[in-house]
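In: Predicted model and sequence follow; I will ask about them next.
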Amino acid sequence: MTPIPIVITGAAGRMGKTLVRLAAEDPEVRLVGALERSDSSFLGRDAGEVAGVGEVDVMITPTLDEVAEPWQVVVDFTFPGVTLNLLPLVTAEGGSMVIGSTGFKEEEVEFIRSFAAKEPHLLAPNMSLGVNLLFRLAAVAAERFGDTFDVEIVEAHHRAKQDAPSGTALRLGEVVAEALGRDLGQVAAYERHGVIGPRPEREIGFATVRGGDTVGDHTCYFFGAGERLELTHRATSRDTFAAGALAAAKWIRGQAPGLFDMQDVLGLR
């Protein structure tokens, strides 16, 4: 099998370095490009050296057009602004994006979907197998419990994370809301303070914790009368997300145009 040539954005960041390291070990992908912001001190350095795996003969550059070799997939764990700027360029070149960035607004997701009508792209707030199974289990629980159980979602991440709630927590809320026939935008509660009164019956609550180097914890609570179900996923290594992203990069190039997620890659849909 010919390795899939990929470009990694945010190559000097936490996830970027993890992706570079795993790509260097994976015979089914070939790293041909590594991007960083235009003011990064890592520009011009070997992406492998920055990631701590030794030279991989790929220099970190600020733009996609400076990538010397042909590529097929751009793996992106940056910020919505970066992703949305890259997407038209990637699509115009006939490539695909595997997007792990989070914090997109509804209209931004629709923007991504418009380009997915031309080339296959993948958008997933979390690329781990465990989290995607959590989505499925939460949906099953919500379908079985219906309106008789209250739903609360709690997530914890490292102190440097910039968006809240996390994209994974929001997707978990969407999955539960869909299973319950609710509009998350109408029933979500993202903060509680002061005298708030009784909890509305159909509300789906979110709580955010930030601290230390926490990779990512997510718990979906179902509170019933006299019992409570807790569905929890705890990530202890970024390798989990990076491995999922590389699996997605290998999968996406065989697909017709469309916007996919990890449920598709893992055959869970």
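Out: Thanks, I have it.
In: so what's residue 129 scoring on pLDDT?
Out: Here the pLDDT value assigned to residue 129 is 88.
In: And for residue 116?
Out: On the pLDDT scale, residue 116 is placed at 98.
In: What of residue 39?
Out: 95.
In: Next, the contact list for it, please.
Out: By C-beta atoms under 8 Å, 6 or more residues apart in numbering, the contact set of residue 39 is empty. Any C-beta I mention is one placed from the backbone N, CA and C, and that applies to glycine too.
In: Setting the sequence-adjacent residues aside, check what's closest to residue 262.
Out: Nearest residue to residue 262 in three dimensions, chain neighbours excluded: residue 124, at 4.4 Å (C-beta to C-beta, 6 or more residues apart in numbering).
In: Now do the contacts for that neighbour.
Out: The neighbours of residue 124, taking C-beta under 8 Å, 6+ apart as the test, are 98, 99, 100, 244, 248, 261, 262.
In: From what I see, the last one and residue 130 are in contact.
Out: It stands for residue 262. No - in this structure residue 262 lies outside contact range of residue 130 using C-beta atoms under 8 Å: 10.9 Å.
In: Identify the farthest-apart pair in the contacts of residue 124.
Out: Farthest-apart pair in the contacts of residue 124 is 99 and 244; separation 12.4 Å (C-beta to C-beta).
In: Let's see stretch 188-207 as PDB, backbone CA atoms only.
Out: The C-alpha trace of stretch 188-207 is given here as PDB (Å, rounded to 0.1, in the frame of the first residue of the first chain):
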ATOM      1  CA  ALA A 188     -28.500  23.700  27.300                       C
ATOM      2  CA  ALA A 189     -27.400  25.300  30.600                       C
ATOM      3  CA  TYR A 190     -23.700  26.400  30.500                       C
ATOM      4  CA  GLU A 191     -23.500  28.200  33.800                       C
ATOM      5  CA  ARG A 192     -25.400  28.400  37.100                       C
ATOM      6  CA  HIS A 193     -24.900  31.100  39.700                       C
ATOM      7  CA  GLY A 194     -27.000  32.600  42.500                       C
ATOM      8  CA  VAL A 195     -30.600  31.700  43.200                       C
ATOM      9  CA  ILE A 196     -31.400  29.800  40.000                       C
ATOM     10  CA  GLY A 197     -34.600  28.100  41.100                       C
ATOM     11  CA  PRO A 198     -35.500  24.400  40.400                       C
ATOM     12  CA  ARG A 199     -33.900  22.600  37.600                       C
ATOM     13  CA  PRO A 200     -36.000  22.600  34.400                       C
ATOM     14  CA  GLU A 201     -37.000  19.000  33.500                       C
ATOM     15  CA  ARG A 202     -35.600  19.000  30.000                       C
ATOM     16  CA  GLU A 203     -32.400  20.900  30.700                       C
ATOM     17  CA  ILE A 204     -29.000  19.500  29.700                       C
ATOM     18  CA  GLY A 205     -26.400  21.000  32.000                       C
ATOM     19  CA  PHE A 206     -22.700  21.500  31.300                       C
ATOM     20  CA  ALA A 207     -19.800  22.000  33.800                       C
END
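In: mean confidence score for that stretch?
Out: Stretch 188-207 shows a mean pLDDT of 96.
In: just stretch 1-8 next, same as before
Out: In this model, stretch 1-8 has an average pLDDT of 94.
In: returning to what we had before: so between residue 99 and residue 244, which is more surrounded?
Out: Using other C-beta atoms under 10 Å as the criterion, residue 99 and residue 244 rank with residue 99 on top: 29 against 23.
In: how near is that one to residue 125?
Out: Separation of residue 99 from residue 125 (C-beta to C-beta, to the nearest Å): 9 Å.
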